[in-house]
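> Pasting the sequence and the predicted coordinates here, then a few questions.
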Amino acid sequence: MHPDKRFATIDAMRGLAAIGVMLFHVRQDVGFQVPGGYLAVDLFFCLSGFVIARAYEMRLRDGLGAREFVERRIVRLWPMLALGALLGIAIHGGHAGMLFLLPNWLSDGLLYPANPPLWSLLFEMVTYIAFALVLHQLNTLTLAVIAGASGLVLAGYSGTPMRFADLGADWVSFGAGFARVGYAFSAGVIVHRMTISRTTARLSTLGWSLALPLAGVFMLVGEADNRAALAFVLLGVPALTAAASQVEVPQRRLAAFLGDASYPLYCIHVPLLALMVGASDAAVLTACAALVIASVALDRLLDRPLRSKLDLLRKRGRAEVRPASA
C-alpha cells in the first residue's frame, strides 16, 4: 500500500461503482442501459468492511472506544448525506428526518422517497455500531457464519418476485437490507484478515482490468435477474475486493479523483438527475459528467473542511466533558 494509506485501486473501484449507480438511476432516460448498476451497493458494503477493518479493527481491540469510533464515522458520513437530504427536501418534498437518516415512516414504498440511495447509508451506520460493539471481536469463523447466514437469507429473497435491486430500499424488503450489508461487510472484514500479512500491494496498470468484470456485470445483469445478482454478490463482490486490495494502479491521481467523487456523487445524484426527466440523451449524459466533476469539488471544497470543523468540535466537546466527570 502507498505511504498515504490509500488503496488506489479500491479508490478507483469506488468511483466506478458510484458512476454505475448513477447510470442505473438514469436508465430510463438515456439510449443505453446499465441495469445492474444497483449491485454497486453490495460492492460498497464489502469495500467498506475491508477498509474499516484495516483501519480500525486492531485499534478497537487496543482500546479505542466504541463511542469514539462511531463519532468518527458520523463525522465522515454526515456532511454529504445531509446535503443529499437537503436536496431531496428542497426539490422533492422530503422530510426533515432525512438529515439524521430517519426513514419516512409514512411511506408505503421506499424508505427515502425523496432520495432513495440513503437507505444504504442507514444500514452502513447500523453496521458501524455493530462493528464497534461486537464484530471486531469475533473470530473469522464466526464472521463466516454470519456471512453464510446472510447469504442464505439473500438466496431466499432471490427466489421471490421481489427485485434484488430493491432489497433493503423499501419497507417491504427492509429486513433484506440487513442480509445485504451483513454478507458483504462481513466478507470485506474476512478479506482484510486473509490479506493482512501483505503490507504492500503489487504495482500494476493491470489493476484497471478489474473494471472490465464490474462493467460487464453492470451492463448485463438485469434488475429482475435475481439469480445472477445473487451469484455476483456472493462470489464476485468478495473476489473483486480481494483483487483490488492486492494490486495498486500507478495512476494514483486518477484513482484519487474517482475515489473522491464516489461518496458525494452517491448522495446527491438522484434528486438532481430527477430534474432531467424528459431531457435529451446528450443533456442527461452531460449532466452525469458534470455531477462527477462537481462531486470532486464538493469533496475538496465542502466535505473535507466541514469534516475537519466537526471533528474539531467533537474533540473539544470530549475534552470539556472529561474534567467535569473526573
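The structure has been received and is ready for your questions.
> what pLDDT does the residue lying closest to residue 211 once chain neighbours are set aside get?
Leaving aside its chain neighbours, residue 211 sits nearest to residue 16 (5.6 Å; criterion: CB to CB, 6 or more residues apart in numbering). Glycine gets a C-beta too; all of them are placed from N, C-alpha and C. Looking at residue 16, its pLDDT reads 97.
> Confirm residue 16 sits in a strand?
No. Going by DSSP: H, G, I helix; E, B strand; the rest coil, the assignment for residue 16 is helix, not a strand.
> can you tell me which residues contact it?
By CB atoms under 8 Å, 6 or more residues apart in numbering, the contact set of residue 16 is 211, 214, 215, 258.
> Look up how far residue 194 lies from it.
Note on residue 16: its distance to residue 194, by CB to CB, to the nearest Å, is 23 Å.
> what comes into contact with whatever helix or strand residue 152 lives in?
Taking DSSP states H and E as the criterion, residue 152 maps to helix 140-158. With contact meaning CB under 8 Å, 6+ apart, helix 140-158 is reached by 135, 138, 164, 167, 173, 175-176, 178-180, 182-183, 186-187, 189-190, 193, 226-227, 229-230, 233-234.
> Those in helices, which ones?
Judged by DSSP state H, the subset of the contacts of helix 140-158 located in helices is 175-176, 178-180, 182-183, 186-187, 189-190, 193, 226-227, 229-230.
> Scan those residues and report the most crowded one.
residue 186 (30 neighbours; other CB atoms under 10 Å).
> pLDDT score assigned to it?
pLDDT for residue 186: 98.
> What of residue 282?
pLDDT recorded at residue 282 is 87.
> chain center to the helix holding residue 152, what's the gap?
19 Å (CA atoms, centre = their mean, to the nearest Å).
> tell me which residues of that helix are tucked away?
Buried residues in helix 140-158, defined by neighbour count with 16 or more other CB atoms under 10 Å: 143, 146, 147, 150, 151, 153, 154, 157, 158.
> and those as a markdown table, adding pLDDT and distance to residue 129?
Formatted as a markdown table, these follow (pLDDT from 0 to 100; distance: CB to CB, whole Å):
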| residue | pLDDT | distance to residue 129 |
| --- | --- | --- |
| 143 | 98 | 16 |
| 146 | 98 | 15 |
| 147 | 98 | 18 |
| 150 | 98 | 17 |
| 151 | 98 | 22 |
| 153 | 97 | 20 |
| 154 | 97 | 22 |
| 157 | 95 | 24 |
| 158 | 94 | 27 |
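> List just the nearest of those to residue 254.
Using CB to CB, residue 147 comes nearest to residue 254 of those, at 32.2 Å.
> what residues are up against the closest residue in space to that closest one that isn't next to it in sequence?
Using CB to CB, 6+ apart and skipping the chain neighbours, the partner closest in space to residue 147 is residue 186 (4.1 Å). Contacts for residue 186 (CB under 8 Å, 6+ apart) come out as 49, 135, 143, 144, 146, 147, 150.
> If we ignore the residues flanking it in sequence, what's nearest the third one?
For residue 143, ignoring the flanking residues on the chain, the nearest one in space by CB to CB, 6+ apart is residue 186 at 4.8 Å.
> ok, back up a step: please report how far the residue nearest to residue 147 lies from residue 256.
Residue 186 is 28 Å from residue 256, where distance means CB to CB.
> What of residue 63?
Counting by CB to CB, the gap from residue 63 to residue 256 is 31 Å.
> What is the neighbour count of residue 286?
Neighbour count for residue 286, taken as other CB under 10 Å: 13.
> coming back round to it: may I ask which two of the contacts of residue 16 are separated the most?
Farthest-apart pair in those is 215 and 258; separation 13.6 Å (CB to CB).
> Looking at these two now, which is surrounded by more residues?
Set residue 215 next to residue 258 and count neighbours by other CB under 10 Å: residue 258 wins out with 23 against 15.
> Go ahead and confirm that one touches residue 20.
No. Assessed by CB atoms under 8 Å, residue 258 is found out of contact with residue 20, at 11.7 Å.
> that older thread, just put the buried residues of helix 140-158 in a markdown table and tack on distance to residue 286.
Below are those laid out as a markdown table (distance: CB to CB, whole Å):
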| residue | distance to residue 286 |
| --- | --- |
| 143 | 44 |
| 146 | 44 |
| 147 | 41 |
| 150 | 40 |
| 151 | 40 |
| 153 | 41 |
| 154 | 37 |
| 157 | 37 |
| 158 | 36 |
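> Confirm residue 113 sits in a helix?
No. Looking at residue 113 with three-state DSSP, it is coil, so not inside a helix.
> can you count the residues close to it?
By other CB under 10 Å, 19 other residues sit near residue 113.
> Next, the buried residues of stretch 287-296.
Judged by neighbour count (16+ other CB under 10 Å), stretch 287-296 contains these buried residues: 287, 288, 291, 292, 294, 295, 296.
> average pLDDT across it?
The model assigns stretch 287-296 a mean pLDDT of 97.
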